[in-house]
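Trainee: prediction below, plus the sequence it came from.
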Amino acid sequence: MTREMTGAKMVVQALKDQGVDTVFGYPGGAVLPIYDEIFLQNDIRHILVRHEQGAVHAAEGYARSTGKPGVVLVTSGPGATNAVTGLTDALLDSIPIIVLTGQVPTFMIGSDAFQEADTVGITRPCTKHNWLVKDTDALPGVIHEAFHVATAGRPGPVLIDIPKDVQFANGTYQPPKRSTSHYQPQVKGDLEEITELVAAMETAKRPVFYTGGGVINSGPAASQLLRELVDATGFPITSTLMGLGAYPASGPNWLGMLGMHGLYEANMAMHDCDLMIAIGSRFDDRITGRTDAFSPKSKKAHIDIDPSSINKIIRVDIPIVGDVGHVLEDILKVWKARGRKTNVEAVRGWQAQIEKWRKVNCLAYKPSEKTIKPQYALQRLEALTKDHDRYITTEVGQHQMWAAQFLNFEDPNRWMTSGGLGTMGYGFPASIGVQIAHPDALVINVAGEASWLMNMQELGTAAQFRLPVKQFILNNERLGMVRQWQELLHGSRYSHSWSEALPDFVKLAEAFGAKGILCSDPADLDDAIMEMINHDGPVLFDCLVEKHENCFPMIPSGKAHNEMLLGEAETHGVIDAAGATMV
Amino acid sequence: MSALHIKKGASKHSAYNLRPTFSDVMERHTLAVVVENEPGVLARVIGLFSGRGYNIESLTVAEVDHTGHRSRITIVTTGTPQVIEQIKAQLGRIVSVHEVHDLTVEGPSVERELAILKVVGQGDKRVEALRLADIFRANVVDSTLNSFIFEITGAPEKIEAFSDLMRPLGLTEVARTGVAALLRGD
């Protein structure tokens, strides 16, 4: 079915044909024709945010919690530049996002017109691909291709810049057809390499699975296959921050998160293993620590859909390019066909060694009856919410690491956090996007007060759409992670790392028509959390916590996995000059 | 998608892995990148090199298939083997890139570059310049009473050698096209 219509109408029609039910956006001069079309229909719901950055993070939360691409609509110039942080965040965490930006009319491009910016130029390095559409007839094809590019292969953000005259002009609409795009990333892994990996698994004495966000991105089936493979082999499994939930935290082989603030047993297992099976993870510097001392004794296999991830940081022995779900299916097939063999005896010894590391109890902290320890707050949050249909988002910093350590994730797509870019201000708008996608679920943003203030304007969005998002703010009146690094690296000179002139969060919530809760006594915490859960509406929970708590365990920068700092360690001077130059 | 089939560099069956993968030795590679001829495609390729800190020694680009909207970018780059592999993989990720060929690995290949050089001088120097140009099969494409413009085609080394010889004879300006290269055979 092809029809004559305006470019603006095409945008809405193409979104409908792509199955889009929600758009996050903010209007402005250069997108008025599209907003007019949105006004004239009821199939697509538009969520008005309070800042374009919030729109992109909300779309990320929507995408990450549903597996469907998130859609954003913003205007030219400042609308587009405000979206840049969100685009970069989505690029680093491989989140499928489609951002539609208005642009000044084609005949004014290049004239420094009002609200003109070189949007495709600015966003070229922070999108997977982008387009400037100068011809209305090309618009539907580009939009359909954009959905294909955003979701195929390694997912990522794309942007379509649409000049205002293209929105007004008439053209012929084309519905989506089977993709004729040349962009068709390889999804099946090389069977020879897969067989080599299975052979290595059969004899490995100290194997470990090291999984990442790629398992989540591959879809729920991939997580299911991973669970089957892990539990059939009995090999221990650790995950990056981005991969939490692919394997359940209650599973028998779960080691906990690895990396800079990962668990002792996970990092030690990575250091001492003889076979590392990296699945949808990318050897990020938060994971590897010192690369020349990274897991020195292991044979390494790496499954990744993006060939550029392989051998980028760490040289691997068995590279497998392909989609995690497809490759795991083939691994299981080959492993079963060859007789389901593992080195049972040796793996049992390896598990016993891991038990010894686990006994170190690396997450231990000094409890307090007077002040709320942030770890305690998260333990109570976990205990009181774990039986709910629960989604967690976070901001960035100490609270994010504690949330990853103390909250347990049983399923994929339940944990939304800014991993690669580390964007303070991500969590609140992301929680809005999650709540839009899951209206009846309990959506909690674990935040620090400093991060939360970076996108606090979205309280207006939460109030307008009556979204019962819970903002669980661990308020230490500090930029806790910055403070921790200044203590470790800069002689405890806390340069600008405290939160001065904080608002009264309860009054702030009330000013927006939301509920505010203040809690400072550990004895009141459970009741306060229950009050938050039971309130049907947005809640701002100001949890006053211990101000000088540091986040442990920690691999100091420039150190190896087996040189972790545990809670009680002496922290001064642990990072040498070489480590200090790293981030 | 063909762009991701850079098997020749990435798989263990290639000549590449016979070399130490993480060696520090700098290598010079000539890459042929076939791209969709669309606005901004060159910026994507160049932006990749500058954004990730890779070297470009020379770069040429032109449309080579008008009906298929294909352009061919020939890039000469230097880096350690690991960096060269990353460059190829990163190029392969660009959505508008159709094919990435490492002519140095897939080779042997033929490399050609064109240069025009202005040599200003009189008397013996002028005669000597003309004599050397003849030996290098450079053509005189413009002449005044006290200057020549030579056109020379060949491998980059030949052009280097010729311009080195012209320098003492009054070389004032050089314009080079950068390398164009093709694999030998079928």
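Mentor: Arrived safely, thanks for sending.
Trainee: can you tell me the closest non-neighbouring residue to whichever residue of chain B sits closest to chain A?
Mentor: Using C-beta to the nearest C-beta, the single residue of chain B nearest to chain A is B:A89, 3.6 Å away. For glycine as for every other residue, the C-beta is placed from the backbone atoms N, C-alpha and C. The shortest distance from B:A89 to any non-neighbouring residue, by C-beta to C-beta, 6 or more residues apart in numbering or on different chains, is to A:S308 (3.6 Å).
Trainee: quick one: contacts for the one you found?
Mentor: B:Q86, B:A89, B:Q90, B:G92, B:R93 (C-beta atoms under 8 Å, 6 or more residues apart in numbering or on different chains).
Trainee: so B:V100 sits in a strand?
Mentor: Yes. Assigned with DSSP: H, G, I helix; E, B strand; the rest coil, B:V100 falls within a strand.
Trainee: count the residues that sit near it.
Mentor: A count of neighbours around B:V100, defined by other C-beta atoms under 10 Å in any protein chain shown, yields 27.
Trainee: what residues go with each domain of chain B?
Mentor: Structural domains assigned to chain B are B:2-107, B:110-183, following automatic domain parsing.
Trainee: make JSON lines out of these and add mean pLDDT.
Mentor: Below are those laid out as JSON lines (pLDDT from 0 to 100):
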{"stretch": "domain B:2-107", "mean pLDDT": "84"}
{"stretch": "domain B:110-183", "mean pLDDT": "96"}
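Trainee: re the thing from before, sec struct for the residue of chain B closest to chain A, please.
Mentor: helix.
Trainee: show me what counts as buried in stretch B:112-124.
Mentor: B:R112, B:E113, B:L114, B:A115, B:I116, B:L117, B:K118, B:V119, B:V120, B:G121 (16 or more other C-beta atoms under 10 Å in any protein chain shown).
Trainee: inside strands: which ones of the residues you listed?
Mentor: Under the assignment DSSP state E, the buried residues of stretch B:112-124 contribute B:R112, B:E113, B:L114, B:A115, B:I116, B:L117, B:K118, B:V119, B:V120 to strands.
Trainee: reformat these as TSV; add distance to chain A.
Mentor: Shown next, in TSV, are these (distance: C-beta to the nearest C-beta, whole Å):
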residue	distance to chain A
B:R112	29
B:E113	29
B:L114	31
B:A115	32
B:I116	32
B:L117	35
B:K118	35
B:V119	40
B:V120	40
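Trainee: what about A:F541, which SS state?
Mentor: strand.
Trainee: who does it bridge with?
Mentor: A:F472, A:I517 (DSSP bridges).
Trainee: ok, it - how many residues close by?
Mentor: So A:F541, with other C-beta under 10 Å, has 29 neighbours.
Trainee: wait, it sits on A:N475?
Mentor: No. In this structure, A:F541 is not within contact of A:N475 by C-beta atoms under 8 Å, at 9.4 Å.
Trainee: so which residue of the stretch 301-450 of chain A comes closest to chain B?
Mentor: A:S308 (3.6 Å).
Trainee: make sure that residue is indeed in a helix.
Mentor: Yes. Assessed by three-state DSSP, A:S308 belongs to a helix.
Trainee: contacting residues for the nearest residue to A:I162 once chain neighbours are set aside?
Mentor: Spatial nearest neighbour of A:I162, chain neighbours left out: A:V133 (5.4 Å); criterion: C-beta to C-beta, 6+ apart. With contact taken as C-beta under 8 Å, 6+ apart, A:V133 is in contact with A:G7, A:L139, A:V142, A:I160, A:D161, A:I162, A:P163, A:V166.
Trainee: repeat that for 10 Å
Mentor: Counting by C-beta atoms under 10 Å, 6 or more residues apart in numbering or on different chains, A:V133 touches A:7, A:11, A:103, A:106, A:139-143, A:160-163, A:166-167.
Trainee: between those, which sits nearest B:A138?
Mentor: A:T106 (46.3 Å; C-beta to C-beta).
Trainee: could you list every residue that touches the closest one?
Mentor: A:L132, A:V133, A:K134, A:D135, A:P163, A:K164, A:D165, A:V166, A:A169 are the contacts of A:T106 under C-beta under 10 Å, 6+ apart.
Trainee: look up how far A:M532 lies from it.
Mentor: 51 Å (C-beta to C-beta, to the nearest Å).
Trainee: A:V12 should be in a strand, yeah?
Mentor: No. Assignment of A:V12 by three-state DSSP gives helix, placing it outside any strand.
Trainee: which helix or which strand is home to the residue in chain A sticking out farthest from the centre?
Mentor: What lies farthest from the middle of chain A is A:E4; by C-alpha atoms, centre = their mean that is 40.2 Å. For A:E4, the enclosing helix or strand under DSSP states H and E is strand A:3-6.
Trainee: strands along the stretch 251-400 of chain A, start to end?
Mentor: A:254-257, A:275-279, A:299-304, A:318-321, A:390-394 (DSSP state E, counting those that start in this stretch).
Trainee: so how far is the first one from its chain's centroid?
Mentor: What it means is strand A:254-257. Centroid separation for strand A:254-257 versus its chain: 18 Å, with C-alpha atoms, centre = their mean, to the nearest Å.
Trainee: what's in contact with it?
Mentor: Contacts with strand A:254-257, where a contact means C-beta under 10 Å, 6+ apart, come from A:208-210, A:230, A:236-244, A:247-249, A:262-270, A:287, A:354, A:357-358, A:362-363, A:401, A:404-405, A:408-409.
Trainee: what stretches of chain A score poorly on pLDDT?
Mentor: A:1-2, A:568-574 (pLDDT under 70).
Trainee: quick one: the helix or strand A:V142 falls within near chain B?
Mentor: Secondary-structure assignment from DSSP H and E places A:V142 in helix A:139-151. Yes. Counting by C-beta under 10 Å from any C-beta of the partner chain, chain B is contacted by helix A:139-151 at A:E145, A:H148, A:V149.
Trainee: closest one of these to B:L183?
Mentor: A:V149 (29.8 Å).
Trainee: wait, doesn't that closest one sit right on A:P155?
Mentor: Yes. Look at A:V149 against A:P155 with C-beta atoms under 10 Å: they come within range, at 9.3 Å.
Trainee: can you give me the helices in chain B?
Mentor: Along chain B, counting by DSSP state H, helices occupy B:7-10, B:41-51, B:81-93, B:103-106, B:124-135, B:156-166.
Trainee: buried among the contacts of strand A:254-257? Need that as a selection in ChimeraX.
Mentor: Entered in ChimeraX, the line below selects the buried ones among the contacts of strand A:254-257, by 16+ other C-beta under 10 Å:
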select /A:208,209,210,230,236,237,238,239,240,241,242,243,244,247,248,249,262,263,264,265,266,267,268,269,270,287,354,357,358,362,363,401,404,405,409
